[in-house]
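# Sharing a model that was predicted from the sequence below.
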Amino acid sequence: MIEVNNLVKTFDGFRALDGVTLKVENGSVYGLMGPNGAGKSTLIRHLLGVYRQDEGDVVYDGEKVWENVAVKSRIASIPDDWFYFGQATVKDMCDIYKGMYKTFSIERFKALKDAFNIEENKTIKYLSKGMQKQVAFWLALSTMSDYLILDEPVDGLDPVMRRRVWSLIMDDVSSRGTTVLVSSHNLRELEDVCDHVGIMNHGKVVLERSLSELQDNMVKLQVVFKEGEEEPTMDGIEVLHDSLTGRVHTMIVRMCPESAVKAVKKYDPMLVEAIPLTLEEIFVYEMGGLENEIKNILV
Amino acid sequence: MIELNYRDSRPIYEQIEDGFKKLIIGNVLKKDEKLPSVRLLATKLSINPNTIQRAYNELESKGYLYSVPGKGSFVNGITKVDEEKIKELIDEILEKIKELKYLGMTDKEIVKILTEEMG
């Protein structure tokens, strides 16, 4: 289990992390999302024990990560700026990883060769950006580590390779119970692979939920009330957002889909229909008023 | 076996659930046949294993599946009546009848079609 407690990090007086608290259960896939500059990568560097926090803790199964080799050797990562030695070939980096990770499996490394289809004796520097990313995945997945920390991992990978990489990770999650934390802006993709999501903004985690909770607790409704009648006040229904196009209300309601429909039907509308929300829509509504901001820019 | 449609607004677990329901009702998956393991399906579709587990749990609670600990999930045949689904389908039929009436069909004509269909 990864636990982050009230983490604070200040750069030149700017609080990049302003009391981050989050929890990732073992065997779960945690998706970290948030607008640019929210502090995702800074948080990830603390999770990897690269940055030293000003306040708070980063704890793996009860042990602090900072300067702790035993904990760090259980974590494989793909940071946004993956490091390799200047002239190193894939094989050289494999040897370095083998030295760092006791659990490194050379059998797995050989087996994954087919999946990635890159020559072992190629110098990494001369590979394309996407292929370098593939090498990073190849090595990270060969470590057989308990934790996998990924910062925007599939950026630069082609669609076929994305799917292949996610398949490999999902196989690890279901067979070995690997714990994964992944940051991404591709919410469509996060929705497939995550079971928990956290939204960061201004150096804080503003929302942390399981995906099923999110799907069961918020719904979009299209409602049309009868003509000529006064619009009901919708007492007891928590409406987060309501927009009117013609006579059709589009409402975002914090309720499970069935009870929301039932609750609105009491007002005898002409039409009521529940539409599930995508993660992207949830993100937008939770960030609040994005529509208004866009409007202001357009005006 | 199961195809996910990313333009579909239904959540993924629901798509999987509906996909298996269709296969079971259409008798493509026969009684006591084993369903693919959670791990296999997670890897094949590259989605979270918990999502698949959730779909399997839903199907089990609705009586389409039974599970044997350590062995996996199996098709139950249709033994339990899925009241919810029946209500949903009736609502759909009523909706369509409304539409037909709007397009100018009379009650008599609709009844005639329905009785013909029933034999």
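Yep, that arrived. Numbering: from 1, shown residues only, chains lettered A, B, ... in the order given.
# Distance check, the most centrally placed residue in chain A against residue B:22.
In chain A, the C-alpha closest to the average C-alpha coordinate belongs to residue A:31, at a distance of 2.1 Å (CA atoms, centre = their mean). As judged by CB to CB, to the nearest Å, residue A:31 and residue B:22 stand 30 Å apart. (Each C-beta comes from the backbone N, C-alpha and C, glycine too.)
# got it, and residue B:61?
From residue B:61 over to residue B:22 the distance is 18 Å, taken as CB to CB.
# Over to residue A:246?
Distance from residue A:246 to residue B:22, counting by CB to CB: 35 Å.
# Give me the more crowded residue out of the two.
Taking residue A:246 and residue B:22 together and counting by other CB atoms under 10 Å in any protein chain shown, residue B:22 has the greater number of neighbours (12 against 6).
# State the helix or strand in which the more buried one lies.
Taking DSSP states H and E as the definition, one finds residue B:22 inside helix B:12-25.
# Repeat that for residue A:130.
Judged by DSSP H and E, residue A:130 forms part of helix A:129-142.
# name the helices or strands packed onto that helix?
strand A:75-78, helix A:90-100, helix A:106-116, helix A:159-176 (3 or more CB pairs under 8 Å, 6 or more residues apart in numbering or on different chains; DSSP states H and E).
# okay, that helix in PDB with CA atoms only?
Output for helix A:129-142, consisting of C-alpha atoms alone and laid out as PDB, is shown next (Å, rounded to 0.1, in the frame of the first residue of the first chain):
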ATOM      1  CA  LYS A 129      11.500   8.700 -28.900                       C
ATOM      2  CA  GLY A 130       8.700   6.100 -29.000                       C
ATOM      3  CA  MET A 131      11.200   3.200 -29.200                       C
ATOM      4  CA  GLN A 132      13.100   4.600 -26.200                       C
ATOM      5  CA  LYS A 133       9.800   4.600 -24.300                       C
ATOM      6  CA  GLN A 134       9.300   1.000 -25.300                       C
ATOM      7  CA  VAL A 135      12.800   0.100 -23.900                       C
ATOM      8  CA  ALA A 136      11.800   1.800 -20.600                       C
ATOM      9  CA  PHE A 137       8.700  -0.400 -20.500                       C
ATOM     10  CA  TRP A 138      10.600  -3.500 -21.400                       C
ATOM     11  CA  LEU A 139      13.000  -3.000 -18.500                       C
ATOM     12  CA  ALA A 140      10.400  -1.800 -16.000                       C
ATOM     13  CA  LEU A 141       8.200  -4.800 -16.700                       C
ATOM     14  CA  SER A 142      11.200  -7.200 -16.400                       C
END
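# Can you give me the pLDDT of residue 117?
Reading this off chain A. pLDDT recorded at residue A:117 is 86.
# hmm, I had chain B in mind actually
Here, the pLDDT recorded for residue B:117 equals 85.
# Show the backbone phi and psi for it.
Dihedral angles phi and psi of residue B:117 (degrees, to the nearest 10) take the values phi -60, psi -40.
# Return the residues in contact with it.
The neighbours of residue B:117, taking CB atoms under 8 Å, 6 or more residues apart in numbering or on different chains as the test, come to nothing; the list is empty.
# what distance separates the helix holding residue B:22 from the middle of the whole chain?
Between the mean C-alpha location of helix B:12-25 and the chain-wide mean there is a distance of 5 Å, by CA atoms, centre = their mean, to the nearest Å.
# What of stretch B:39-55?
Here stretch B:39-55 shows a centroid-to-chain-centroid distance of 18 Å under the convention CA atoms, centre = their mean.
# Tell me where the longest helix sits in chain B.
Of all the elements of type helix in chain B, the one with the most residues (DSSP state H) is helix B:83-102.
# relative orientation of the helix or strand of chain B with the lowest mean pLDDT and helix B:12-25 in degrees?
Among the secondary structure pieces of chain B, namely its helices and strands, helix B:83-102 has the lowest mean (mean pLDDT, DSSP states H and E), a mean of 87. Here helix B:83-102 runs at an angle of 90 degrees relative to helix B:12-25 (axes from the mean of the first three to the mean of the last three CA atoms, to 10 degrees).
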